[in-house]
Each structure stands twice: as C-alpha cells, then as structure tokens.
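*Asks:* Got a sequence here, can you build the structure:
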Amino acid sequence: MEPRGEVFVLGLILSIALLVISVFISVWARRFTRSLGDYYVAGRSIGALNNGLAMVSLALSLTTFIGLTALIINGLYLAVAVYASFTASFIGLMMLAAPYLRRHKSYTTMAFIAERYDSKFLRIFAVIVMLVVSVLYLAGNLKGIGIVFYYLLGVPEVWGIIVGGLAVTLYVTLGGMYGVTYNQTFQTIVIIFCLMFPVAVVLKALGAAGWAFPPLGYGNMVPLMETVTPHYFWPMLAHPVTYVAIFLGSFFGIIGLPHFVMRFFTVRDAREARWSTIICVFLVGLVNTTVYATGFAAVYWMNTTGFDLSAAAYDYMVFILIDNLAAQGWLAVAVAGAIAAGLSTVAGLLMIMGAGLIHDLYGSLKPGVDDEKKLKLSYAAMFTVGILVILFSLNPPTFILEAIMWAFGIAGASLGVPVVLGIWWKRTNKYGAAAGMIAGFLLTFIPWILIGYLGMEPVQIPLPFFAKYLYGPLGWIKTTAVAIPVSFILTILVSWFTPVPPEALQLQVDQMHGWTDYNEKRYNGKVLPVTIIVLAVLVMWFMTTGYELFPK
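*Replies:* Residues are numbered from 1 along each chain as shown. The predicted structure follows:
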C-alpha cells in the first residue's frame with residue numbers, strides 16, 4: 001500500500017498535540033505517587049466511572065480501529081464472532097473475576113496466582129507468560145501507530161513505532177498508574193469521538209438513512225449490499241469449532257490478560273470493580289458495532305466504485321474511506337483517535353510489564369528489598385521495557401489482529417484458567433495450577449512459533465493434527481479449542497489427586513466472595529469441576545468430528 005502522498009499537516013498537528021497532552025497529564029499525575037502502591041495501583045483510589053473509561057481504552061486498541069475492520073472485509077461471519085465474543089467476554093470478566101480479584105488486594109495477576117497457590121515457581125512462570133502475551137499485544141498496536149504514520153505522513157512505519165513508543169514510555173515511566181489511568185480516561189473520550197463522528201460522515205456520503213447513529217446507520221444499505229455482493233452474507237464454510245475457539249479465547253483470554261486484570265486492583269472496592277466493568281461493556285459494544293458499520297461501508301464502497309485494494313492493505317481501510325468520503329478535518333480527527341487507541345493500550349501493557357518484572361520477579365528473588373527501592377527500580381524498569389519493546393516491534397506482524405488473537409489464546413490457556421478456578425474452587429492447588437498452566441502455554445505458544453512467527457501454513461506442518469484440523473480461515477485459532485479445555489482438565493485432575501491446599505489458602509476463596517469466616521464446604525463441591533471436565537471433553541471431541549462436511 002502506497003502512502004496517500006503529501007504530508008498531512010492537520011493530522012500531524014493533532015497527533016503531536018495528543019502526545020504532548022498525554023505527557024502533560026502524566027507529569028501532573030506524578031504528584032500523587034508517593035508509594036509503591038500509588039505507582040502500581042493508584043493507591044486503590046480510582047472510581048468506577050474513571051476506571052470504566054480507562055478499561056475501554058485498553059479494549060479499544062488499534063486492533064479495533066483498523067484490524068477488526070480488515071477482518072470484516074475479509075469475512076463477515078468470523079468478524080462478527082470475534083467482536084461479539086470479545087464484547088461478551090467482559091460479562092464473563094464481571095461475573096467470574098472482577099469483584100473477587102479486587103477483594104484479594106493483589107497488585108497483578110502474577111501476584112494473585114502466586115499468593116492464591118503459595119508458589120514462587122508459579123509467580124515466575126506467570127511473569128514469563130505475561131511477557132510473551134504483552135509483547136504480542138504491544139507489537140500489534142505499535143505496528144498500528146506505524147501504519148498511521150506511513151499512510152498519512154509518507155514516512156516508514158518504523159518512525160511511527162519509535163515516536164509513539166517513546167512518547168508512551170515517557171508518560172508511563174513518569175506518571176505510573178495514576179498517569180496511565182487519567183491518560184486512558186482522556187484517550188477513551190478521544191477514541192469514541194474520533195471514530196463515531198467520521199464514520200457517521202462516511203455513512204452519510206454513502207446514502208445510509210441512519211448515518212447519525214453508526215451502529216445502525218447501514219441498515220437501509222443491506223438490500224443494495226445483497227445486490228452488489230450477495231455472497232457477503234453467506235456463512236463462511238468453516239468448521240463450527242472455529243467459532244467455539246474464538247469464544248473460548250475471548251472469554252478466558254480477557255480474564256487472563258494481565259493489563260486488563262490490573263485495572264481491578266486500582267478501584268476502591270468490589271462494587272466499583274463491578275460497575276466499572278458495566279460501563280466498559282456498554283461503551284465497547286457501542287464502538288464495536290460502529291466498527292462493524294465501518295467494515296460494511298468499506299465492502300459496499302469498494303464494490304460500487306471498483307476500488308481495488310490488496311488484502312495485505314486492508315488495515316488502512318478506515319483512513320482510505322474517510323480520506324475519500326469525508327473532509328480533511330475528519331481524517332485528522334480519525335488520525336488522532338487512532339493514535340490515542342494505540343497509546344492507551346501500549347501504556348497499560350508497559351505498566352503491567354514493569355510491575356511484573358520488579359514487583360513479581362525481582363520481588364520474589366529478593367524478598368527483603370523495601371518498597372522505596374522497588375519504586376526507584378520501577379522507574380528504570382518501565383523505561384527499559386519501553387525501549388526493548390520498541391526494538392522488538394521494528395519487525396511487526398503482517399496483520400495486527402492476528403497478533404492480538406494469539407495473545408488472547410495464550411493468556412486464556414495459561415493465566416485465565418488458574419485465575420477462574422482459583423476463585424471458584426477451593427480444591428485447586430499449586431500442582432494442578434502448574435500442570436494446567438504449563439500445558440496451556442505449550443499448546444498455544446508452540447503453534448504461535450510455528451504459524452504466527454515462522455509463518456508456516458498449518459496444513460503444511462508435518463504433524464497430523466495441524467494438517468487435518470487447522471485448515472480454513474483463521475484455522476490456527478482452533479488450537480484454543482484444545483489448549484483451554486486441556487488446561488482445565490489437567491488443573492482439576494491433578495488438584496484432585498494431590499494434597500488438599502492448606503486451610504489458609506482455601507480461606508482466600510471465602511474472603512474473595514465476601515465471607516469473613518471459613519467454611520470447608522463452600523466452593524468445594526464436585527459439581528463444578530465435573531461439569532467443567534465434561535464440557536471440556538465435549539469441546540475436544542467436537543474438534544475432531546464432522547470435518548468431511550466442510551470443504552478444505
């Protein structure tokens with residue numbers, strides 16, 4: 001894809017203004033940071049509205065802005081499955097994890113796993129998983145910033161990655177969690193305004209009757225769409241387990257993503273955690289349906305105008321649409337929104353990476369270090385991590401959404417499972433958690449190395465499972481339909497046949513659910529683990545059936 005031509009001055013001005021404001025907010029917020037708790041979890045003082053808006057900016061990364069639009073152009077039904085599952089996953093986060101994690105009073109997912117299972121090994125392993133997941137997530141979003149710079153300014157993507165990466169590294173290092181939170185709240189407002197209004201203008205230009213409300217604005221265009229591209233509404237002939245895998249990856253992945261979970265440790269109490277999730281669900285759903293309208297408009301416009309674009313350039317489609325159908329001012333607004341989307345997610349990821357390295361890894365290796373020294377080390381760690389991530393991202397993935405989806409799968413199988421079982425089943429112990437986490441990680445990380453990193457086609461990998469089952473659009477995502485069930489099964493079975501956790505660890509479960517006393521029978525029955533095992537086995541059995549019904 002070639003850049004649009006001349007330097008887009010207005011877009012550049014708004015982008016620079018956004019970067020300067022972000023740094024200023026962190027400099028202002030730094031005055032609130034007096035302790036390690038302030039730096040990592042904002043003194044647990046964030047309210048529901050502020051936290052909910054901050055969560056939205058984590059969810060609405062550049063994957064939403066450009067990557068999901070590209071997937072919608074490629075295939076409607078898989079795209080619907082992705083954004084519907086992702087939106088629904090917040091409901092799972094609210095029901096299964098949010099308030100209970102807040103009552104636990106940890107700083108990070110890694111700390112929760114270590115303290116719930118009393119295991120130094122699990123803390124270190126969880127940090128390793130966190131780093132893998134975070135780097136994948138970061139690479140995708142920094143590439144998105146690079147795309148904005150390349151298309152609109154005509155400079156190589158690498159400069160967007162470097163400039164955006166340095167800006168966010170600076171304000172995360174300076175402001176800590178206070179700075180990150182206030183920045184993410186500000187960036188959420190920017191993102192919503194900068195996506196919905198330009199899309200409304202595009203829909204109006206295409207003749208959509210309900211253009212003023214983009215989530216429904218394309219409605220009267222459906223009959224025309226059926227005439228222009230009737231095949232677009234046909235179901236994709238992929239094995240149904242593809243949709244199951246997308247749901248499992250989204251549902252448990254978001255519970256396992258450390259930078260999402262960390263937001264629940266910043267709120268005042270469990271009630272605020274629950275309400276912040278409700279706010280987040282509403283706004284994420286609103287934006288995701290707007291993105292669907294954007295992808296729909298792109299397909300309609302391309303087919304009615306004959307505009308030709310290679311699949312590799314679909315990530316640019318949002319800007320191409322606005323550039324061709326709206327005024328330059330709206331394109332500048334969209335650029336600012338895209339930059340905000342990238343910065344907000346990168347900030348959350350850098351925060352969790354720095355916290356994981358200092359609080360969880362260094363803190364476990366050097367338990368006698370005081371908080372004041374950890375705080376000083378945290379500043380250095382944040383800056384160093386930011387620089388290393390920029391260097392890694394100089395060779396980004398081809399499609400940013402793929403990197404994010406791999407991150408969800410790895411997080412769900414490796415971290416989501418022990419978090420959920422650690423909250424809801426007292427019998428879960430460190431042996432079971434270790435077995436499930438290691439198996440889940442290997443079953444997702446190895447396929448990512450082969451497919452996502454080395455670029456091998458799944459059906460060409462000399463392993464019968466890959467060749468037989470991982471064909472078709474997003475075929476590789478089916479690994480999630482194996483990894484998460486296996487992680488659940490191993491965690492439950494190994495926990496069942498190994499020693500019962502000490503009473504002090506089981507008491508944590510009661511306390512997370514709001515009980516002040518210990519009761520051995522609470523959250524300790526057999527119905528839940530047996531039901532999970534049955535469902536997990538059914539999913540894996542379904543994975544191996546009916547393939548002769550779907551074309552290769």
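*Asks:* show me where the stretch 251-400 of the chain has helices.
*Replies:* 258-261, 270-305, 317-325, 328-355, 363-365, 371-392, 400-411 (DSSP state H, counting those that start in this stretch).
*Asks:* angle of the fourth one against helix 400-411?
*Replies:* Orientation check (axes from the mean of the first three to the mean of the last three Cα atoms, to 10 degrees): helix 328-355 against helix 400-411 gives 30 degrees.
*Asks:* Tell me which residues of helix 328-355 come out buried.
*Replies:* Using 16 or more other Cβ atoms under 10 Å as the test for burial, helix 328-355 gives 330-355. Every residue, glycine included, has its C-beta placed from N, CA and C.
*Asks:* quick one on the thing from earlier: and Thr229, which of the helices of the stretch 251-400 of the chain is closest to it?
*Replies:* helix 270-305 (5.0 Å; Cβ to Cβ).
*Asks:* shouldn't Phe86 be in contact with Asn288?
*Replies:* Yes: in this structure, Phe86 is within contact of Asn288 by Cβ atoms under 8 Å, at 7.0 Å.
*Asks:* the more surrounded of these two?
*Replies:* Comparing Phe86 with Asn288 by other Cβ atoms under 10 Å, the one with more neighbours is Phe86, at 26 against 20.
*Asks:* got a list of what the more buried one touches?
*Replies:* By Cβ atoms under 8 Å, 6 or more residues apart in numbering, Phe86 lies in contact with 59, 250, 254, 284, 288.
*Asks:* redo that, cut-off 6 Å
*Replies:* If a contact means Cβ atoms under 6 Å, 6 or more residues apart in numbering, then Phe86 has Ser250 as its contacts.
*Asks:* and it, what helix or strand is that in?
*Replies:* helix 76-96 (DSSP states H and E).
*Asks:* Give me the buried positions along that helix.
*Replies:* Neighbour-count burial for helix 76-96, with 16+ other Cβ under 10 Å as criterion, is recorded at 76-90, 92-94, 96.
*Asks:* Just the CA atoms of that helix, as CSV, please.
*Replies:* The C-alpha trace of helix 76-96 is given here as CSV (Å, rounded to 0.1, in the frame of the first residue of the first chain):
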residue,chain,number,x,y,z
LEU,A,76,-18.2,-11.1,7.8
TYR,A,77,-19.2,-14.1,9.9
LEU,A,78,-15.8,-14.6,11.5
ALA,A,79,-15.6,-10.9,12.2
VAL,A,80,-19.0,-11.0,13.9
ALA,A,81,-17.8,-13.9,16.0
VAL,A,82,-14.7,-12.0,17.1
TYR,A,83,-16.3,-8.8,18.1
ALA,A,84,-19.4,-10.5,19.7
SER,A,85,-17.3,-12.8,21.7
PHE,A,86,-14.9,-10.0,22.8
THR,A,87,-17.9,-7.9,23.9
ALA,A,88,-19.5,-10.8,25.7
SER,A,89,-16.2,-11.7,27.4
PHE,A,90,-16.5,-8.5,29.6
ILE,A,91,-19.7,-10.0,31.0
GLY,A,92,-17.7,-13.1,31.9
LEU,A,93,-15.0,-10.9,33.4
MET,A,94,-17.6,-9.1,35.6
MET,A,95,-19.3,-12.3,36.7
LEU,A,96,-16.3,-14.6,37.2
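*Asks:* who does the next helix or strand after that helix touch, helix- and strand-wise?
*Replies:* Next in sequence after helix 76-96, counting helices and strands by DSSP H and E, comes helix 98-104. Where contact means 3 or more Cβ pairs under 6 Å, 6 or more residues apart in numbering; DSSP states H and E, helix 98-104 is packed against helix 270-305, helix 503-512.
*Asks:* ranking those helices by burial, who's on top?
*Replies:* helix 270-305 (a mean of 21; mean count of other Cβ atoms under 10 Å).
*Asks:* and the angle from that one to helix 317-325?
*Replies:* Using the same axes, to 10 degrees: helix 270-305 against helix 317-325 is 50 degrees.
*Asks:* Tell me who's in contact with Tyr314.
*Replies:* 70, 73.
*Asks:* Which per-residue confidence value corresponds to it?
*Replies:* Per-residue pLDDT puts Tyr314 at 73.
*Asks:* what angle sits between the helix ranked longest in the chain and helix 371-392?
*Replies:* Longest helix of the chain, by residue count under DSSP state H: helix 157-205. For helix 157-205 against helix 371-392, the angle by the same axes, to 10 degrees is 80 degrees.
*Asks:* so after helix 157-205, what's the next helix or strand?
*Replies:* helix 214-217.
*Asks:* from the chain's centre, how far out does that next one sit?
*Replies:* Taking Cα atoms, centre = their mean, to the nearest Å, one finds the center of helix 214-217 at 24 Å from the center of the full chain.
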